[in-house]
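Engineer: Take this sequence and fold it.
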Amino acid sequence: MALALGLSACGEHAGRPANCLADIALPRPAPDHSGLVFVKGGTFAEGAKPVNREEGPPHTVSVGSFWIDRTEVTNAQFARFVDATHYVTMAERPLDPKLYPGLTPEQRAPSSAVFVGADGPVDRSDPGQWWRIVPGADWRHPTGPNSSIEGRETMPVVQIAYADALAYAKWLGRDLPTEAEWEYAARGGLKDARYTWGNEKQDPKKPRANTWQGVFPTVDSGEDGYKASAAWVGCFPPNGYGLYDMAGNVWEWTKDWFKPGLDADYDENPEGPPLNLSYDPEEPGTPKHVIKGGSFLCSDDYCYRYRPSARSPGPNDTGASHIGFRTVLRVK
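Structural biologist: Below is the predicted model:
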């Protein structure tokens, strides 16, 4: 399916909210600076005093200069990549029976994780209460085979696995950010701030990010204007570097393998732990990559991971309806 509509043409006639970006460039497969923001390298304190068990302790890190996408990659941008390369995402492929010998053919069919919420109080230690593996869910059909991205070209692409995000980045001559690069960019030049905009909590009358308001996972009041990912990327104020949606909206992939906690030593351009040290306490035998930024599902009473220092393990073999990405181009 081709999405030929250029985002710069999606003005008010396409229903763009007045506060959202009017022009989002469609990048070309060459190492250029289309849609990117330059971030001068420097030294900062990565992490913070842990709020969740996988965070911190803070440590000093330096990163080189790089360019990074001003917004999360959109459906239209990813569609251009697929149209050019005929790439098939992980969620559109059946699972390899050699890697998943205990599953039936039906269980190995193309599928992905979809947030379905809950109708009432649930055991919040069990995410299976509000997530489902849905056959036919993929980037073109984010919540299942009956859903579509038609008319949603300017929303962030989701149901993207790590390999899918990396393939897109390489097509453009770019890469995915390391965790340190991503966090440095998200902080926008602020030192030791709790949020991308400072230390004050969100004002419901002037929201700074697309997050969950209410009791998770049953009630999202939508006070920020959205009960899912925003209709456009770039609908909330940018951070100090001019980057949009570095808090909330959708989680974003980084290159680093995940392990709980950060190393306390000084690092220069760190790339995270090696594969053999990657583990998620919930699934210790399944290596995962770090995702950053939180999503529209992050609530203060449960997840609270839309802070720059927050981090989480992402499932490498599939996507989810709240995980997207952005790319970087490093200065050599």
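Engineer: From now on I want contacts and neighbour counts done on CA atoms only, so please keep to that.
Structural biologist: Will do.
Engineer: Show me the helices in this structure, by range?
Structural biologist: Along the chain, counting by DSSP state H, helices occupy 75-85, 162-171, 179-187.
Engineer: Need those in JSON lines (columns: distance to Thr143).
Structural biologist: Listed next are the helices of the chain as JSON lines, based on distance: least, Cα to Cα, whole Å:
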{"stretch": "helix 75-85", "distance to Thr143": "14"}
{"stretch": "helix 162-171", "distance to Thr143": "18"}
{"stretch": "helix 179-187", "distance to Thr143": "27"}
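Engineer: Any chance of those in a markdown table with mean pLDDT as columns?
Structural biologist: Below are the helices of the chain laid out as a markdown table (pLDDT from 0 to 100):
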| stretch | mean pLDDT |
| --- | --- |
| helix 75-85 | 97 |
| helix 162-171 | 97 |
| helix 179-187 | 98 |
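Engineer: Could you tell me the end-to-end distance of stretch 286-296?
Structural biologist: Distance across stretch 286-296, first residue to last, is 26 Å (Cα to Cα, to the nearest Å).
Engineer: tell me which residues in it are buried?
Structural biologist: Neighbour counts over stretch 286-296 (16 or more other Cα atoms under 10 Å) mark Pro287, Lys288, His289, Val290, Ile291, Lys292, Gly293, Gly294, Ser295, Phe296 as buried.
Engineer: Return the residues in contact with the last one.
Structural biologist: Okay, so that is Phe296. Remark: with contacts taken as Cα atoms under 8 Å, 6 or more residues apart in numbering, Phe296 is in contact with Asn210, Thr211, Trp212, Lys227, Ala228, Ser229, Gly248, Asn249, Val250, His322.
Engineer: Now it: closest residue in space, sequence neighbours ignored.
Structural biologist: Once flanking residues are discounted, Phe296 sits nearest to Thr211: 4.1 Å by Cα to Cα, 6 or more residues apart in numbering.
Engineer: Let me know how buried that neighbour is, in neighbour terms.
Structural biologist: Thr211: 32 surrounding residues under other Cα atoms under 10 Å.
Engineer: Also the one 3 residues further on?
Structural biologist: Gly214: 15 surrounding residues under other Cα under 10 Å.
Engineer: pretty sure it contacts Ser221?
Structural biologist: Yes - with contact defined as Cα atoms under 8 Å, Gly214 counts as touching Ser221 (5.9 Å).
Engineer: what touches both of these two?
Structural biologist: In terms of Cα under 8 Å, 6+ apart, Gly214 and Ser221 are not both contacted by any residue.
Engineer: which strand of this structure spans the most residues?
Structural biologist: strand 251-257 (DSSP state E).
Engineer: For it, C-alpha coordinates in CSV please.
Structural biologist: Taking C-alpha atoms only, strand 251-257 is exported to CSV below (Å, rounded to 0.1, in the frame of the first residue of the first chain):
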residue,chain,number,x,y,z
TRP,A,251,8.2,4.6,23.2
GLU,A,252,11.4,4.8,21.1
TRP,A,253,14.0,2.2,20.3
THR,A,254,17.7,2.7,21.1
LYS,A,255,20.7,0.6,20.1
ASP,A,256,21.7,-0.5,23.6
TRP,A,257,21.0,-4.0,24.9
